[in-house]
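[1] Next come a sequence and a model predicted from it.
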Amino acid sequence: MQTKIIEKGKLAFENTQKIITLKSNIGNDLLKLASLLISNHDNQYYQILGYDTWEEFLAIPEISMSRSFAYKIMQVYRIWVEKFDVSQENLTTIDNEKLFLASTQATKDNYKEWLERARTLSRSDIRGLIKGEEYEYKVICPRCGYEFPRSKYNVV
């Protein structure tokens, strides 16, 4: 019985690690895609290929991408990589939607704080911060339920 539990635990851990790796690969590929889309858009390569509009280019069956999604990933790349010079390696493990939300608030004075928020907080917590809601960071032990004092942890 104990062996089966340990075996299932190992399988669960391996499964989760694969999910995390694939999610990171997706994040990396989205950044690469954003870079290519920016190049295509800014250089109007789509027109050279015979498409009248950017939207028409995005709609071709091989790409089939909404304009809003394209602009969203392009904004993430423009803000974090181009404007704030954050390496792509530091962005790949962060959810693209959270990077987008944080990018709407990031300035040259606070971008590191917003990047860390994107890395550590949930989407709903980031949305709450944007709306002006206060965020109370709590560290609670999952075994005993002890809530660690906030003053010991410096969270941005």
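    The structure has been received and is ready for your questions. Residues are numbered from 1 along each chain as shown.

[2] hey, let's count contacts and neighbours off CA atoms from now on
    Will do.

[3] Distance check, Glu62 against Arg123.
    30 Å (CA to CA, to the nearest Å).

[4] Compare the two and say which is more crowded by neighbours.
    Remark: of Glu62 and Arg123, Arg123 carries more neighbours, 17 against 8, as counted by other CA atoms under 10 Å.

[5] three-state assignment of the residue nearest to the more buried one when sequence neighbours are not counted?
    Of all residues not flanking Arg123 in the chain, Lys98 sits nearest, at 5.8 Å (CA to CA, 6 or more residues apart in numbering). Under DSSP: H, G, I helix; E, B strand; the rest coil, Lys98 falls in the helix class.

[6] Could I get the full set of strands for this structure?
    Using DSSP state E, no strands are assigned anywhere in the chain.

[7] how about low-confidence regions in it?
    For the chain, applying pLDDT under 70 flags the ranges 134-139, 149-156.

[8] for it, which helix is longest?
    helix 2-42 (DSSP state H).

[9] and it, what does it pack onto?
    Judged by 3 or more CA pairs under 8 Å, 6 or more residues apart in numbering; DSSP states H and E, the packing partners of helix 2-42 are helix 67-76.

[10] could I get the helix it packs on in CSV with only the CA atoms?
    Output in CSV follows, covering the C-alpha atoms of helix 67-76 (Å, rounded to 0.1, in the frame of the first residue of the first chain):
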residue,chain,number,x,y,z
ARG,A,67,-5.7,41.0,-33.6
SER,A,68,-6.1,41.5,-29.8
PHE,A,69,-4.0,38.4,-29.0
ALA,A,70,-1.3,39.5,-31.4
TYR,A,71,-1.2,43.0,-29.9
LYS,A,72,-1.2,41.6,-26.4
ILE,A,73,1.8,39.4,-26.8
MET,A,74,3.5,42.2,-28.8
GLN,A,75,3.0,44.6,-25.9
VAL,A,76,4.5,42.1,-23.5
